[in-house]
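Chemist: Can you look at this prediction? I've put the sequence above it.
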Amino acid sequence: MVDAEALTAWVREFARLVHEQRDELTRLDSAIGDADHGANLDRGMTAAVAALDAQSAAGPAAVLKTTATTLIKTVGGASGPLYGTFFLRAAGALDGVPDPTDPAALARAVRAGLDGVVARGKAERGDKTMLDALGPACDALDEALAAGKPLDEALGAAAQAAADGRDATEPLVARKGRASYLGERSAGHVDPGAASATLLVQAAATALAGRG
Amino acid sequence: MVDAEALTAWVREFARLVHEQRDELTRLDSAIGDADHGANLDRGMTAAVAALDAQSAAGPAAVLKTTATTLIKTVGGASGPLYGTFFLRAAGALDGVPDPTDPAALARAVRAGLDGVVARGKAERGDKTMLDALGPACDALDEALAAGKPLDEALGAAAQAAADGRDATEPLVARKGRASYLGERSAGHVDPGAASATLLVQAAATALAGRG
Amino acid sequence: MKKLINDPADVVADALRGMAAAHPDLRVDHENRVVFRGDAPRQGKVGLVSGGGSGHEPMHAGFVGLGMLDAACAGEVFTSPVPDQVAAATRGVDGGAGVLHIVKNYTGDVMNFEMAAELAAAETDTEVVAVVTDDDVAVKDSLYTAGRRGVGVTVLVEKLAGAAAEEGRPLAEVADVARRVNAAGRSMGMALTSCTVPAAGRPTFDLPDDEMEIGIGIHGEPGRRRVPLAPAREVAEMLLEPVLSDLDMTGGDGVIAFVNGMGGTPLIELYLMYAEVVAVLEKAGIGVARNLVGSYMTSLDMAGCSVTLLKADDELLRLWDAPVRTPSLRWGV
Amino acid sequence: MKKLINDPADVVADALRGMAAAHPDLRVDHENRVVFRGDAPRQGKVGLVSGGGSGHEPMHAGFVGLGMLDAACAGEVFTSPVPDQVAAATRGVDGGAGVLHIVKNYTGDVMNFEMAAELAAAETDTEVVAVVTDDDVAVKDSLYTAGRRGVGVTVLVEKLAGAAAEEGRPLAEVADVARRVNAAGRSMGMALTSCTVPAAGRPTFDLPDDEMEIGIGIHGEPGRRRVPLAPAREVAEMLLEPVLSDLDMTGGDGVIAFVNGMGGTPLIELYLMYAEVVAVLEKAGIGVARNLVGSYMTSLDMAGCSVTLLKADDELLRLWDAPVRTPSLRWGV
Ligand SMILES: Nc1ncnc2c1ncn2[C@@H]1O[C@H](COP(=O)(O)OP(=O)(O)O)[C@@H](O)[C@H]1O
Ligand SMILES: Nc1ncnc2c1ncn2[C@@H]1O[C@H](COP(=O)(O)OP(=O)(O)O)[C@@H](O)[C@H]1O
Ligand SMILES: [Mg+2]
Ligand SMILES: [Mg+2]
Ligand SMILES: [Mg+2]
Ligand SMILES: [Mg+2]
């Protein structure tokens, strides 16, 4: 069941991965950005976990909303509003849904999050941003669920799609975010946001495994 | 004959040696000072040679006086006034002397220069300054001449005494000049001014050789 | 990493304590990391709020005071402030005449200020106008990209719009001055060394001893190209050529020329660069009406400089000369 | 060596061209390398002359103007000016009320200023009084050595004696203020990195990545001891301990606290250091009456800082608050 507890586990696992990969994210951001992506997300996700710990039991939407507002309050930079918006829209999509534990509801929530990132950041896929990991992941999730695959498998496919999308950012010339300032010199480096977004999807695959 | 031409040759040879040893003097000054002794003296001696070139034939005192005023005008720092005073006092000692080409007159001039450095800088031998090379050099010169040695030999002894004095500054703890700020840490390094003063005496030995 | 800091995580909070101690005429909200004019909000005066990532000091907090900003929000190092900070600043400077947000064009800054304005609109009826600065000619401007970065001109916008607000002019006019200054200003920067972000602990990029980066921003981003070290007079040409070919600066009342140090470059080199900048401008037939030489918008400990030119007119010169009393820019009072 | 310069031999001349271009209200004698107040000499006012090696900018030329210096002589980098320069400055500021030489205690500076005073005495009947600053507690004071170095307190002497001269007070009194300030001020500095003298082309000393020098001067001289890198709060203690144990700063009207950057350290770190300095002073029961935080007396591109404390009294605080209008220190006008 993708309930509040499962979503909390997802957020926790994302926080754990971000903390573990903090230096690697910053290293990626050093090459084509300003060397803060790891510190930014780690600060935000640590705060999000603390906020969830402090909060009394609440529904699935509330878990994601708390995560969203905490990220917006603590991250800053580009990734703060973007990840914040992702979780906020995802929470909105779960709010008042009859059965939020339905995998399709999760897929709709994630898709709403993705649309929120697009609306907030005005980037497109191929611009060398987190969208290049998140977008393919959402597509893969939808497809797998539509094909009747169990949630486990669908999330696995999504994680793979995210990782592929992340890797595919390497040759791209950035058009959005800080990396765009480098022009041609941005090619040859993986986008840090695509790397962190991949962790987000991988966290879902790990934390929600067996909860379908 | 230690005439104007010979003294000009001395100044030129000193300038040549300073230029050649410029980096070494600065290296010594980096260890216990402010890394400018080579640049300072090279600037001053280059200007002194240019001033002598520009000046019409003049007496021995005038050669040293031009050198002095040029050094005072162009060097700055501690070494400018000190070397300037050295040459100024030496010029004064030659001024009006019946036979400035007499080696004893040269020795008196150099001694007057030394006294000028002491008066201006208020240092003593053993303070780890140029005096530690200049002082022994003057003594050696006097002694050799008193013992009836020819000028060549006397200047050779003076150059050796200067070099010995320079080397003897290495273990000393500086009490005057910039190196004194280092306290105990000044020990273990040769004093840059003692090194340049040794060049001054060596230049005399080379340039005045055979002029006794 | 060699820095005068305690824990890298505390750099911003610790520095704000120092600012508060050094400038008793400012009010520092440590929780929200906002530096206010001591007398904010001024009734009837348009409030000016700026802010951004820390690491650019004195920008922005050093420009809070009479004739310039009413509040500055300090984000984490190189990370734009969060909406709550900007909202707190906006509330705190609202004297009934509306609030101008001066935002440097970075995705993060723009989004966080936008979200703050949305918050402010939802909570109060404060009128907020945002002006985004984007003067860095090192970045190609295009509809399809994040656009140009906001750099040196931001300091000039804060000074000139601040003077307009101090005169009691309405929000629309103050915003107009800000937009006009941004439109008439162009910048270009270079780095001799990378900066080191405290939390990262090592230089953002490696730069060999005999090379420099041309077209860097103020966040340690590498520049557009790497070239061999060159004398200051050639550096001045490399910086001014793209500026002057982007915007015709001849004619009119001359320019305000701003030579800015990146944090690790001492003033002697900035004056030397200014001499070379003036030489290039003279050759191009451009007169300098006013100038500013110093480290006003830094990139932590990066060695390097940027040059900003602002095409001036009578009004802008009058606003430039108007009194300003802030920790880092002060004259006329 | 990474610097914004042309030929290393031209650094001082080139930078002076930049100063002249940036500050039309100053008069720069390029031949003698003296920067004058535009309105020097002021009849009936004591003239203040300082100077020293270049590489410490903004000191001294950045302090020329109303309420501070009348002229500053720029020597070669780290090399005191020559007597001719000081004599030219002395002549140029002589308004009939005598001239005060403010000299930092370095063998070279003292001798060259002395020789200039001898020249001035021989040529004119200008009365010249020299005050030598020697506030650096890193150096043991002794009759048998060159004595303490003049460092941070020099900036305060120039400000406070400058204010006294601006009030029209006679030479003896102005000199007295200068001596009193020097006697009541103490400094201590540290370096995270060495500087690089342009003509030398490489760092004056090597300092491993995990060490710092405590007790450095302002000419890239190594310090008294080398210690492992430490957090800012410990650095503040290391700098203040010898200052406070040399001179009791408690009681009275508190201190003027001056945290100075060495050239390569950005303002954010200086504010952070200032917070730590204030914390140490609070513990010691010492109040801060006024403060100055910034890079005012640099050592080329050295990273590091110094702390100067001046035991204040009513009169000194009044002189501190008096108007000053120079390129780098400006308030009250
Ligand atoms: N307009 C945008 N839309 C989507 N993602 C973006 C956009 N701009 C930046 N990003 C993502 O944000 C990441 C950088 O985040 P971070 O380093 O935390 O922020 P900042 O760039 O402000 O320092 C980029 O790698 C990119 O994936
Ligand atoms: N008081 C003094 N008497 C004699 N020699 C001195 C004195 N002070 C310094 N010196 C000499 O001057 C040398 C340094 O000269 P230089 O580097 O040109 O000047 P500065 O120390 O001003 O940079 C020292 O190595 C020392 O030999
Ligand atoms: Mg970043
Ligand atoms: Mg020296
Ligand atoms: Mg950032
Ligand atoms: Mg020197």
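Modeler: Happy to help now that I have it. Ligands and ions are numbered 1, 2, ... in the order given.

Chemist: which residues in chain C form strands?
Modeler: C:26-29, C:34-37, C:47-54, C:71-77, C:99-104, C:128-133, C:185-191, C:211-214, C:225-228, C:255-261, C:288-294, C:304-311, C:324-325, C:330-331 (DSSP state E).

Chemist: could you redo those strands as JSON lines and give each row distance to residue D:55, mean neighbour count and mean pLDDT?
Modeler: Where C-beta positions appear, they are placed from N, C-alpha and C, glycine not excepted. What follows is the strands of chain C, written out as JSON lines (distance: least, Cβ to Cβ, whole Å; neighbours: other Cβ atoms under 10 Å in any protein chain shown; pLDDT from 0 to 100):
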{"stretch": "strand C:26-29", "distance to residue D:55": "33", "mean neighbour count": "19", "mean pLDDT": "98"}
{"stretch": "strand C:34-37", "distance to residue D:55": "33", "mean neighbour count": "27", "mean pLDDT": "98"}
{"stretch": "strand C:47-54", "distance to residue D:55": "29", "mean neighbour count": "30", "mean pLDDT": "98"}
{"stretch": "strand C:71-77", "distance to residue D:55": "29", "mean neighbour count": "29", "mean pLDDT": "97"}
{"stretch": "strand C:99-104", "distance to residue D:55": "33", "mean neighbour count": "28", "mean pLDDT": "98"}
{"stretch": "strand C:128-133", "distance to residue D:55": "34", "mean neighbour count": "22", "mean pLDDT": "98"}
{"stretch": "strand C:185-191", "distance to residue D:55": "22", "mean neighbour count": "29", "mean pLDDT": "98"}
{"stretch": "strand C:211-214", "distance to residue D:55": "21", "mean neighbour count": "20", "mean pLDDT": "96"}
{"stretch": "strand C:225-228", "distance to residue D:55": "25", "mean neighbour count": "13", "mean pLDDT": "95"}
{"stretch": "strand C:255-261", "distance to residue D:55": "15", "mean neighbour count": "26", "mean pLDDT": "98"}
{"stretch": "strand C:288-294", "distance to residue D:55": "17", "mean neighbour count": "20", "mean pLDDT": "98"}
{"stretch": "strand C:304-311", "distance to residue D:55": "18", "mean neighbour count": "28", "mean pLDDT": "98"}
{"stretch": "strand C:324-325", "distance to residue D:55": "30", "mean neighbour count": "20", "mean pLDDT": "98"}
{"stretch": "strand C:330-331", "distance to residue D:55": "26", "mean neighbour count": "18", "mean pLDDT": "97"}
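
Chemist: is ligand 5 contacted by stretch C:146-164?
Modeler: No - between stretch C:146-164 and ligand 5, judged by Cβ under 5 Å from the ion, nothing touches; the nearest distance is 12.1 Å.

Chemist: show me the contacts for the residue of chain A found nearest ligand 6.
Modeler: Closest approach of chain A to ligand 6 (Cβ to the ion) occurs at residue A:35, with a separation of 38.7 Å. Going by Cβ atoms under 8 Å, 6 or more residues apart in numbering or on different chains, residue A:35 touches A:26, A:29, C:78, C:197, C:200, C:204, C:220.

Chemist: Confirm that it lies within a helix, as I assumed.
Modeler: No - counting by DSSP: H, G, I helix; E, B strand; the rest coil, residue A:35 is not part of a helix but coil.

Chemist: Please report how far it lies from ligand 1.
Modeler: 8 Å (Cβ to the nearest ligand atom, to the nearest Å).

Chemist: can you count the residues close to residue C:126?
Modeler: 18 (other Cβ atoms under 10 Å in any protein chain shown).

Chemist: quick one: it from residue B:94, how far?
Modeler: Going from residue C:126 to residue B:94 by Cβ to Cβ, to the nearest Å gives 86 Å.

Chemist: can you check residue A:176 too?
Modeler: 81 Å.

Chemist: And residue C:42, by the same measure?
Modeler: Distance from residue C:42 to residue B:94, by Cβ to Cβ: 77 Å.

Chemist: Neighbour count for those two, which is higher?
Modeler: residue B:94 (25 against 19).

Chemist: Check what pLDDT the more buried one gets.
Modeler: Looking at residue B:94, its pLDDT stands at 93.

Chemist: Quick check: closest non-adjacent residue to it.
Modeler: residue B:61 (4.3 Å; Cβ to Cβ, 6 or more residues apart in numbering or on different chains).

Chemist: contacting residues for the one you found?
Modeler: B:91, B:92, B:94, B:95, B:96, B:100.

Chemist: Make sure I have this right: it is in a strand.
Modeler: No - assigned with three-state DSSP, residue B:61 falls outside any strand and is helix.

Chemist: and of the strands of chain C, who's closest to ligand 4?
Modeler: So among the strands of chain C, strand C:255-261 is nearest, using Cβ to the ion, at 26.9 Å.

Chemist: outside of the closest one, which residues touch it?
Modeler: Taking Cβ under 8 Å, 6+ apart as the rule, strand C:255-261 contacts C:152, C:155-156, C:189, C:249, C:267, C:269-270, C:273-274, C:277-278, C:281, C:286-298, C:304-312, C:316-317, C:320.

Chemist: would you put the C-alpha positions of it in CSV?
Modeler: Output of strand C:255-261 as CSV, limited to C-alpha atoms (Å, rounded to 0.1, in the frame of the first residue of the first chain):
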residue,chain,number,x,y,z
VAL,C,255,29.2,56.3,-19.0
ILE,C,256,29.4,55.2,-15.4
ALA,C,257,32.4,52.9,-15.4
PHE,C,258,32.6,50.2,-12.7
VAL,C,259,35.6,48.1,-12.2
ASN,C,260,34.8,45.4,-9.7
GLY,C,261,37.0,43.0,-7.9
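
Chemist: Each with direction, which strands does that strand pair with?
Modeler: strand C:288-294 (parallel), strand C:304-311 (antiparallel) (DSSP bridges).

Chemist: Does residue C:169 touch residue C:46 like I think?
Modeler: Yes - using Cβ atoms under 8 Å, residue C:169 makes contact with residue C:46 at a distance of 7.2 Å.

Chemist: domains in chain C, as residue ranges please.
Modeler: C:12-184, C:185-320 (automatic domain parsing).

Chemist: Any idea which residue of chain C lies closest to ligand 2?
Modeler: residue C:268 (17.7 Å; Cβ to the nearest ligand atom).

Chemist: In contact with that residue, which residues?
Modeler: Residue C:268 neighbours (Cβ under 8 Å, 6+ apart): D:11, D:15, D:54, D:55, D:57, D:298, D:300.

Chemist: Among these, name the ones in helices.
Modeler: Among the contacts of residue C:268, the residues falling in helices (DSSP state H) are D:11, D:15.

Chemist: Closest to ligand 4 out of the contacts of residue C:268?
Modeler: Closest to ligand 4, out of all of the contacts of residue C:268 and judged by Cβ to the ion, is residue D:55, at 12.0 Å.

Chemist: Could you tell me the model confidence score at the closest one?
Modeler: On the pLDDT scale, residue D:55 gets 98.

Chemist: and what of the one 4 residues further on?
Modeler: On pLDDT, residue D:59 comes in at 98.

Chemist: can I assume it is in contact with residue D:297?
Modeler: Yes - taking Cβ under 8 Å as the definition, residue D:59 is a contact partner of residue D:297 at 4.5 Å.

Chemist: which neighbours do these two share?
Modeler: With Cβ under 8 Å, 6+ apart as the test, residue D:59 and residue D:297 both reach D:154, D:155.

Chemist: So stretch C:221-238, near chain D or not?
Modeler: Yes - if you take Cβ under 8 Å from any Cβ of the partner chain as the test, stretch C:221-238 does meet chain D, through C:229, C:231, C:232, C:233, C:235.

Chemist: Check the gap between the first one and ligand 4 for me.
Modeler: The gap separating residue C:229 from ligand 4 is 26 Å, by Cβ to the ion, to the nearest Å.

Chemist: and what of the third one?
Modeler: Summarising the geometry, the distance separating residue C:232 from ligand 4, computed by Cβ to the ion, is 25 Å.
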